[in-house]
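Visitor: Fold the following, please.
(one chain, ligands or ions: 1)
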Amino acid sequence: MRVADVLKGKGSEIKSITPTATIRELAERLRVADVGAMIVTTGNGEIAGIVTERDIVRAFATHGSALESMPVSDVMTRRVVTCSPDDSISQIARTMTERRFRHLPVRDGERLVGIVSIGDVLKRRIDEVQLEANVLRDYAIAHR
Ligand code: AMP
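Guide: Numbering: from 1, shown residues only. Next up is the predicted model:
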């Protein structure tokens with residue numbers, strides 16, 4: 001199973017926000033979109049970073065209530081790690097585990113074509129394991 005297969009199921013919509021939006025606006029956008037991360041893009045569509053719920057929590061510990069009017073650019077991660085549609089699910093699961101993050105934007109050449117979360121990865125792995133178990137059970141029954 002590849003990243004492209006995951007995107008076929010969930011679509012390639014990318015939730016994004018500008019670096020100048022406030023953390024309050026970010027929190028509201030995350031709530032409405034029901035996601036845990038957004039890609040930060042500039043006016044000309046370039047990727048400036050990624051920002052997740054965890055960045056908000058960490059920054060809250062430092063800045064307290066002053067955080068809500070701070071810009072997204074103050075808390076986002078600038079160096080974004082991406083994956084390719086051709087990557088396997090087990091490859092990106094390893095990347096997420098080793099790098100300790102739960103979101104991977106998908107890049108096809110210069111273009112962003114989606115974002116995959118640890119939840120998407122787990123769902124596919126569970127489906128794969130279930131399928132393997134069914135095949136083995138059928139095999140065992142057929143050869144009894
Ligand atoms: P997460 O576990 O995805 O909420 O993210 C944990 C931390 O890693 C946060 O500081 C994020 O900004 C950062 N992060 C999340 N995804 C990525 C990514 N694909 N590339 C670089 N940093 C990331």
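Visitor: Surely Thr18 touches Val40?
Guide: Yes. A contact is recorded between Thr18 and Val40 when judged using CB atoms under 8 Å, the distance being 7.1 Å. Yep, even glycine has a C-beta here, placed from its N, CA and C like the rest.
Visitor: Mind listing the shared neighbours of these two?
Guide: Shared between the contact lists of Thr18 and Val40 (criterion: CB atoms under 8 Å, 6 or more residues apart in numbering) are residues Val72.
Visitor: the more surrounded of the two?
Guide: Neighbours per residue (other CB atoms under 10 Å) separate Thr18 from Val40, with Val40 holding more: 25 against 16.
Visitor: State the helix or strand in which the more buried one lies.
Guide: Under the criterion DSSP states H and E, the helix or strand holding Val40 is strand 37-41.
Visitor: Ignoring the adjacent residues along the chain, who's closest to Ala22?
Guide: Not quite, residue 22 is Thr, not Ala. Excluding its sequence neighbours, the residue lying closest to Thr22 (CB to CB, 6 or more residues apart in numbering) is Ser69, at 5.4 Å.
Visitor: What count of nearby residues applies to that neighbour?
Guide: When neighbours are defined as other CB under 10 Å, Ser69 has 11 of them.
Visitor: give the contact list for it.
Guide: Counting by CB under 8 Å, 6+ apart, the residues that Ser69 touches are Thr22, Ile23, Arg24.
Visitor: quick one: which of those is nearest the ligand?
Guide: Proximity of these to the ligand was ranked by CB to the nearest ligand atom; the top entry is Ile23 with 13.1 Å.
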